[in-house]
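Visitor: Based on what follows, work out the 3D shape:
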Amino acid sequence: MARGGVDWVRGVKWFSYKRIFIGVCCVNVFLSIFLLRSLYSSYFASSSSSTDQDGVFSEEQIKRFEESIRIRQALEPVELVRLAKKVKKELKSGKKGFKLSKSVNQKLALEILARLKGSGSSVNLTKQREVVELWRVEKIDEIKRLSVANSTKDSIPSKATKKLKIVLELHWQKFLEGIGFWLPSVVTNTFLDDKPDTADELEEEIIPGRSMPPECHTELHTDYAGAAVRWGLTHHTESAADCCQACLDQAKSAKPGGMKCNIWVYCPSEYGCYSPDIYEHKHQECWLKQDEKPRLSFKHKYSESYRSSHPTAPVAVPWMSGVISR
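Guide: Numbers count the residues shown, from 1 in each chain. The predicted structure is shown next:
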């Protein structure tokens with residue numbers, strides 16, 4: 001009987017603790033709901049006070065908003081924003097390099113080559129610079145005259161004309177390098193016997209592919225200038241001998257009065273060949289060129305002065321070339 005009384009007392013205590021715990025939880029829930037209701041009511045009351053009964057801003061508030069917008073617009077640097085957009089657009093266009101089409105590049109290259117031939121300045125580099133610069137000035141003036149004539153006729157100049165003007169004015173050097181015209185400021189190895197000490201070492205290389213025919217006049221580590229008869233960017237051959245043969249075949253099949261290949265330039269390196277133009281020159285690239293008086297662009301090694309101004313240039317000239325007729 002005593003043991004049963006103890007159990008009964010414990011049960012009553014446990015039941016009381018449970019009721020107290022449940023009661024405290026209910027009070028906490030009630031207080032939380034009351035607090036959230038109070039916060040929501042105060043927020044709704046403040047929002048309602050800022051607007052009228054229809055939920056629309058008052059006339060005074062609208063005037064303040066309009067005044068604020070007017071002040072911000074008045075303080076906005078409109079001219080500066082316009083100039084920034086213009087500069088951004090020019091930079092974006094500049095990243096594209098204002099690249100001209102292949103046909104336009106070839107046409108302009110032929111014009112420059114014809115001007116050089118007509119002036120008889122194929123040997124004097126100073127005279128060449130003067131002739132090419134005069135051509136550029138005349139070309140820009142011609143474009144300006146055409147633009148003025150078109151404006152009087154209420155016609156808009158074509159995008160190609162605008163692009164050409166920008167290239168000749170702002171990207172002149174890149175344009176010359178892109179079409180293969182490079183006039184060195186310092187001429188090295190003027191005479192064929194004026195070779196670096198390592199010239200013989202450079203020429204002790206094995207030319208991959210079949211043996212070179214004697215009429216190719218192969219020169220290792222050599223890059224010749226000239227007007228492109230066929231662009232090497234889209235013309236690859238299995239070997240230097242095949243590149244030379246392509247030049248010989250083109251010269252034989254050329255139409256009367258057309259350009260005949262007399263210079264071939266080949267890239268034998270598996271890693272590609274360096275060139276100061278804007279293109280990426282790859283292995284087995286074969287350029288067919290034409291020049292009545294072939295001129296060396298680079299021979300054996302790039303000079304120290306050239307490499308200081310062109311950090312990506314290697315030590316030795318990677319190209320191999322040949323002049324099949326002079």
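Visitor: tell me the contacts of the closest residue to residue 135 other than its chain neighbours?
Guide: Nearest non-adjacent residue to residue 135, counting by C-beta to C-beta, 6 or more residues apart in numbering: residue 115, 5.1 Å away. Yep, even glycine has a C-beta here, placed from its N, CA and C like the rest. Counting by C-beta atoms under 8 Å, 6 or more residues apart in numbering, residue 115 touches 131-132, 135.
Visitor: can you redo the residues you listed as JSON lines with distance to residue 69?
Guide: Compiled in JSON lines, those are given as follows (distance: C-beta to C-beta, whole Å):
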{"residue": "131", "distance to residue 69": "61"}
{"residue": "132", "distance to residue 69": "57"}
{"residue": "135", "distance to residue 69": "56"}
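Visitor: Which ones among those lie within helices?
Guide: With helices defined by DSSP state H, the entries of those inside them are 131-132, 135.
Visitor: mind listing the helices for the stretch 201-326 of the chain?
Guide: Taking DSSP state H, counting those that start in this stretch, the helices of the stretch 201-326 of the chain run over residues 240-253, 304-309.
Visitor: Go through these and name the closest to residue 77.
Guide: helix 304-309 (39.2 Å; C-beta to C-beta).
Visitor: Could you list the buried residues of the closest one?
Guide: residue 306 (16 or more other C-beta atoms under 10 Å).
Visitor: any idea of the mean pLDDT in it?
Guide: For helix 304-309, mean pLDDT is 87.
Visitor: of the ones in helices among the contacts of residue 115, closest to residue 209?
Guide: The shortest approach to residue 209 among the ones in helices among the contacts of residue 115 belongs to residue 132, at 36.4 Å (C-beta to C-beta).
Visitor: Please name the nearest non-neighbouring residue to the closest one.
Guide: Closest to residue 132 by C-beta to C-beta, 6+ apart is residue 112, at 6.0 Å.
Visitor: what helix or strand does that neighbour sit in?
Guide: Using DSSP states H and E, residue 112 sits within helix 102-119.
Visitor: mind putting the ones in helices among the contacts of residue 115 in CSV, neighbour count, distance to residue 302 and pLDDT included?
Guide: Below are those laid out as CSV (neighbours: other C-beta atoms under 10 Å; distance: C-beta to C-beta, whole Å; pLDDT from 0 to 100):
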residue, neighbour count, distance to residue 302, pLDDT
131, 19, 26, 80
132, 18, 22, 81
135, 18, 28, 84
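Visitor: and which of those is nearest to residue 282?
Guide: Using C-beta to C-beta, residue 132 is the member of those that sits closest to residue 282, with 28.6 Å.
Visitor: Span of stretch 263-279 from start to end?
Guide: 20 Å (C-alpha to C-alpha, to the nearest Å).
Visitor: Please disregard the earlier target; I meant stretch 222-232.
Guide: The first-to-last residue distance of stretch 222-232 comes to 16 Å (C-alpha to C-alpha).
Visitor: Check stretch 292-308 too.
Guide: Stretch 292-308: ends 32 Å apart by C-alpha to C-alpha.
Visitor: Tell me the buried residues in it?
Guide: Applying a neighbour-count criterion of 16+ other C-beta under 10 Å, one finds 294-303, 306 buried in stretch 292-308.
Visitor: Can you tell me how far residue 79 is from residue 69?
Guide: Using C-beta to C-beta, to the nearest Å, one gets 20 Å for the distance from residue 79 to residue 69.
Visitor: re earlier: ranking the helices of the stretch 201-326 of the chain by mean neighbour count, which comes first?
Guide: Neighbour counts (mean count of other C-beta atoms under 10 Å) averaged over each of those peak at helix 240-253, with a mean of 19.
Visitor: could you say what helices and strands it packs with?
Guide: Applying 3 or more C-beta pairs under 8 Å, 6 or more residues apart in numbering; DSSP states H and E, one finds that helix 240-253 contacts strand 227-230, strand 263-266, strand 286-290.
Visitor: Out of those, which is the most enclosed?
Guide: Highest mean neighbour count of those: strand 263-266, a mean of 29 (counted as mean count of other C-beta under 10 Å).
Visitor: Could you count how many residues lie near residue 127?
Guide: 14 (other C-beta atoms under 10 Å).
Visitor: Please apply the same query to residue 130.
Guide: 13.
Visitor: next one: residue 102
Guide: Neighbours around residue 102, by other C-beta under 10 Å: 12.
Visitor: Confirm for me that it is in contact with residue 231.
Guide: Yes: between residue 102 and residue 231 there is a contact under C-beta atoms under 8 Å: 7.0 Å.
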